[in-house]
Every structure is written in structure tokens, then in C-alpha cells.
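>>> Just to be clear, the model below is a prediction. Sequence and coordinates:
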Amino acid sequence: MKVLLVLAGIPPDTDLLKTEMSQADIVIAVDGGSQVFLENKLKPDLLIGDLDSHTGLFDDSVTIICADNQNFTDLEKALEYLFINYSPRSLVLLGATGGRTDHLLNNLHICASVDLEIDIIIRSTIKVNEKYLTETITRIAGEGITDLPVRKGATVSVLPVTHFKKLDVTGLEWDICGVDSSSKLVSQSNIVKSNPLQIKLLSGCVYIVVYQ
């Protein structure tokens, strides 16, 4: 089961939102993330949160879950509801970046703690030098080898948000070999030379960021 969660950060553009909605089994608006649906005249399956950022109304076809426990973020509350009621194997997050830096870092830490068997991707559209690029943050977790589809010439960075051991990435201009989270710099603004990238990790999790 693939689940799309839309948060209240920088909203996705209409094309990205519609594409991800078409590929998801369940679409969840996380509190203020509901606004982008209203603006595009689209509807999620669920709206979850304390509703303090929810400024519009959906019809009865949208299930609204009020979770007002202020000890947890809206993302944490949405994930808790999701894991109690469903068995997702893949999560895609939109609107999880931009805005306040503390929100972004907290979102990354929350996602790092999710079951390592679940695929997690965070996507957004950004403008760089008058060009619009898709930023894709993929969580690589647990022991094993992952083939990550990318476009040749794309820019790649590694975010060492939490603990990991022995990261290898091949297919880059400067391949990454046996790097741990204790390293001062893992890799930033590297260049893709072959598709797919082959990523090997001994333990923990790391975020691979691709701009293309």
C-alpha cells in the first residue's frame, strides 16, 4: 500500500500533487496541508491533525480525524493513525520541506524512526537559477543494497541526519566508499554518472537527495 501525506510546508505544484495522488492508494492531508487541496479543487481521503491550520471545509466524502494532542506534531499523529489502521509499505511526503528549518529537521528525524522496511520519499519542487527542479529525498535504511533510479547529470547530496554505518554509493562522479555518519562531510553536490545509483548500507539510515 502506497500512502501520500501532504504537509503544511512549501506546497507542491499542481502537476506534482496530481501525479502523486494518481499513484497513491490513500491520500492524507496533514492539518494545514489541506490548503493545497482546497486551492486546487482536489480532495484527500483523510484530513488528520489538530485542525488549527485548517482554514476550509471539505464535503462528507473526506474523513476528518481530529487529533489535538499537543505533545506530538501533526506528522507524528498522522503516522500513528496510519500505522494503527493500515499496513503501508511506501510513504510519499509532499509539503514536508520549506518554511521553518526546525520543522524540516523534525520531519526528517520522525521519518528516520519509522519501520526500516517501509520506503519513504519526500518530494518538492524548487527553483534554482530560473529553472524548476524536483527535489527527491529518499530514505535508505537497514542492511542491504538499493538501486536508486536517477537521471544522468543530476545533482546528488547525502544528508547524515541520524546514525549509519558503511555507506557505499557507486555511479557518481565521486563515488562514496565506506562512509559513516561520524564523517565530517559525506557528500554534497555530487554528480550522477550512471543510472541507477547502487547504494549499499550496513546499518542505520541515510537520506539521499537528488535534484533533477
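That came through, no problem.
>>> drop to CA atoms for contacts and neighbour counts, all remaining ones
Will do.
>>> Asp168: what secondary structure?
The three-state assignment at Asp168 reads strand, by DSSP: H, G, I helix; E, B strand; the rest coil.
>>> partner residues bridging it?
Counting by DSSP bridges, Asp168 forms beta bridges with Lys200.
>>> okay, now it: neighbour count?
By the criterion of other Cα atoms under 10 Å, Asp168 has 17 neighbours.
>>> That one and Gly178 touch, don't they?
Yes - with contacts counted by Cα atoms under 8 Å, Asp168 reaches Gly178, the gap being 5.4 Å.
>>> quick one: strands adjacent to the lowest-mean-pLDDT helix or strand in the chain?
Lowest by mean pLDDT, DSSP states H and E among the helices and strands of the chain is strand 63-66, with a mean of 81. Using DSSP bridges, the strands paired with strand 63-66 are strand 46-49 (parallel).
>>> So what touches the partner strand?
Strand 46-49 has contacts (Cα atoms under 8 Å, 6 or more residues apart in numbering) with 27-31, 34, 62-68, 74, 77-78.
>>> quick one: buried residues of it?
Within strand 46-49, the residues scored as buried using 16 or more other Cα atoms under 10 Å are Leu46, Leu47, Ile48, Gly49.
>>> Tell me how far the residue lying closest to Ile208 once chain neighbours are set aside lies from Lys193.
Nearest non-adjacent residue to Ile208, counting by Cα to Cα, 6 or more residues apart in numbering: Val158, 4.8 Å away. Look at Val158 and Lys193: by Cα to Cα, to the nearest Å, they are 16 Å apart.
>>> for Ile84, same thing?
For Ile84, the distance to Lys193 equals 42 Å [Cα to Cα].
>>> Of those two, give the one with the bigger neighbour count.
A direct count of neighbours by other Cα under 10 Å for Ile84 and Lys193 places Lys193 higher, at 19 against 8.
>>> quick one: the more buried one and Val150 touch, right?
No - taking contacts as Cα under 8 Å, Lys193 lies outside contact range of Val150: 9.5 Å.
>>> how is the chain carved up into domains?
Here the domain parsing of the chain from automatic domain parsing is 1-128, 142-212.
>>> Can you tell me which residue is spatially central in the protein?
The centroid of the chain falls nearest to Ile122 when counting by Cα atoms, centre = their mean (1.9 Å).
>>> tell me the contacts of that residue?
Ile122 sits in contact with Val92, Leu93, Leu94, Ala96, Thr136, Ile137, Thr138, where contact means Cα under 8 Å, 6+ apart.
>>> Show me those that map onto helices.
Among the contacts of Ile122, no member is found in helices (DSSP state H).
>>> Narrow those residues to just the buried residues.
The neighbour-count test (16+ other Cα under 10 Å) marks Val92, Leu93, Leu94, Ala96, Thr136, Ile137, Thr138 as buried among the contacts of Ile122.
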